[in-house]
Structure formats: structure tokens, C-alpha cells
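> model this:
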Amino acid sequence: MTKVFWLFGRSGAGKTTLAKRLCRALEDRKVPVFYLDGDEMRSGLCSDLGFTPESRMENHRRVAEVVRLAAQQGLTVVSSTMAPQHCQRDVVAHVLGNRLVWIYVHAPLDVCIQRDPKGLYRRAQAGQLDKLLNFPFEVPRPQERENFIDTVAQNVDGCSRDILELAQACLSDFVI
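Coordinates of the predicted model:
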């Protein structure tokens, strides 16, 4: 069975960077991989959605359904979204079942604000973007924290190495 590696965490934690590195590493090892980024989905398939709790839930449901279709075609899937609440993670887990491997990419809010690679926190602080600073990021449950990547405690190379080792353990069909 193909696996889905879903990286989640705050904006600026390092999800996209690490997800893209994982995809490249898998491709280098001839593993068929499909990458789906939450920001890209928001600019296309999910562009009609806002950032209310209901819209965030529907966004994650749509992403999970596309991911499920790709996984059913035999592709290893790497996805990255914030998934800030348990209910969003629940809908993803419901759609994907035992294909799903959660990877929690952690950085404290103050570090994410400092990094701000997309300028989202700057826009939120200026009142131009609602529901980012004041939207709760619920602490992952134990099963969602199993694969904990702390992007403050180690550099991007170390984080990438840890995620690739995780993928290797999950993808026993492939020599990685």
C-alpha cells in the first residue's frame, strides 16, 4: 500500500521546504511521488474558500480527497498544510485511513513570525489578513506527534535526514 506523508504545523515552521526536500530525495531513489502543497491548493482548487473554521475543514477535506486519488494510483504522496485544529486532522485521517503518516513540523509562534517567509504574519499584524495570529493551533495529539520534527532544535539538513529515515521505514517496498 502506498503511503501519504502529511507535514503539518504553523506557517513558517518549514513544512514546504522539508516536503520538497523529501520529494526530491524520493524521486532520486526512483520512488514515484506526488506533492500537494496547501498554499497551491488555496490558489486553485480551493480558491473559493476563506479561513473560517468551516472553510478550513472543507479545504482539508478537498486536499485529502485529491491525495487519496493520487495514492490509489500507486503514488507515494507528500502533502503539506497547516492543519491547525484536531477536526481538520480528523477529516484527513478519515479520508486517508492507514495510508496516512503524520509529520508534525514544529517551530514556536514567535520563531514563525520572525521567519515569515510568505509575509503572512506581517500582513496579519497590519490587519490585512484575519484568522492567522488569532486562530488556535491545537497541540497535536500523541498519534499526531509520533513523528516530531523540531526546526529550531536542528537545521534543515538534519530535519530532512530524519524525515527521509522515516519514509524509508514506511516504504519497505522500495530500496531507499
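> The closest residue to Gly12 other than its chain neighbours: neighbour count?
Excluding its sequence neighbours, the residue lying closest to Gly12 (CB to CB, 6 or more residues apart in numbering) is Cys112, at 3.4 Å. The way it works is simple: take the backbone N, C-alpha and C, and place the C-beta from them, glycine included. Cys112 has 23 neighbouring residues, counting by other CB atoms under 10 Å.
> Name all residues that make contact with Cys112.
Residues counted as contacts of Cys112 (CB atoms under 8 Å, 6 or more residues apart in numbering) are Arg10, Ser11, Gly12, Ala13, Tyr121.
> Tell me which residues touch Asp116, please.
Taking CB under 8 Å, 6+ apart, one finds Gly12, Arg122 in contact with Asp116.
> Now it. Its backbone dihedrals?
phi 40, psi 60 (degrees, to the nearest 10).
> Show me the helices in this protein, by range?
Secondary structure of the chain (DSSP state H): helices at 15-28, 38-42, 53-72, 86-96, 109-115, 120-125, 142-145, 156-170.
> Now do the buried residues in the fifth one.
The neighbour-count check on helix 109-115 (16 or more other CB atoms under 10 Å) flags Val111, Cys112, Ile113, Arg115 as buried.
> What of the shortest one?
Buried residues in helix 142-145, counted by 16+ other CB under 10 Å: Glu144.
> from here on, count from 644
Okay, residue one is now 644; in that scheme the one you just asked about reads as helix 785-788.
> mean confidence for that helix?
Across helix 785-788, pLDDT averages out at 84.
> now the last one
Per-residue pLDDT values across helix 799-813 average out to 95.
> Show me what counts as buried in stretch 674-682.
Val674, Val676, Phe677, Tyr678, Leu679, Asp680, Gly681.
> Just put those in TSV and tack on pLDDT and distance to Asp733.
What follows is these, written out as TSV (pLDDT from 0 to 100; distance: CB to CB, whole Å):
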residue	pLDDT	distance to Asp733
Val674	93	28
Val676	97	25
Phe677	97	23
Tyr678	97	23
Leu679	96	19
Asp680	93	21
Gly681	88	17
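> Show me the shaky parts of this protein.
In the predicted model of the chain, residues 774, 816-819 satisfy pLDDT under 70.
> quick one: Ala767 from Glu697, how far?
20 Å (CB to CB, to the nearest Å).
> again, but for Arg766
With distances taken as CB to CB, Arg766 is found 22 Å from Glu697.
> higher neighbour count, these two?
Using other CB under 10 Å, the more surrounded residue of Arg766 and Glu697 is Arg766, with 14 against 10.
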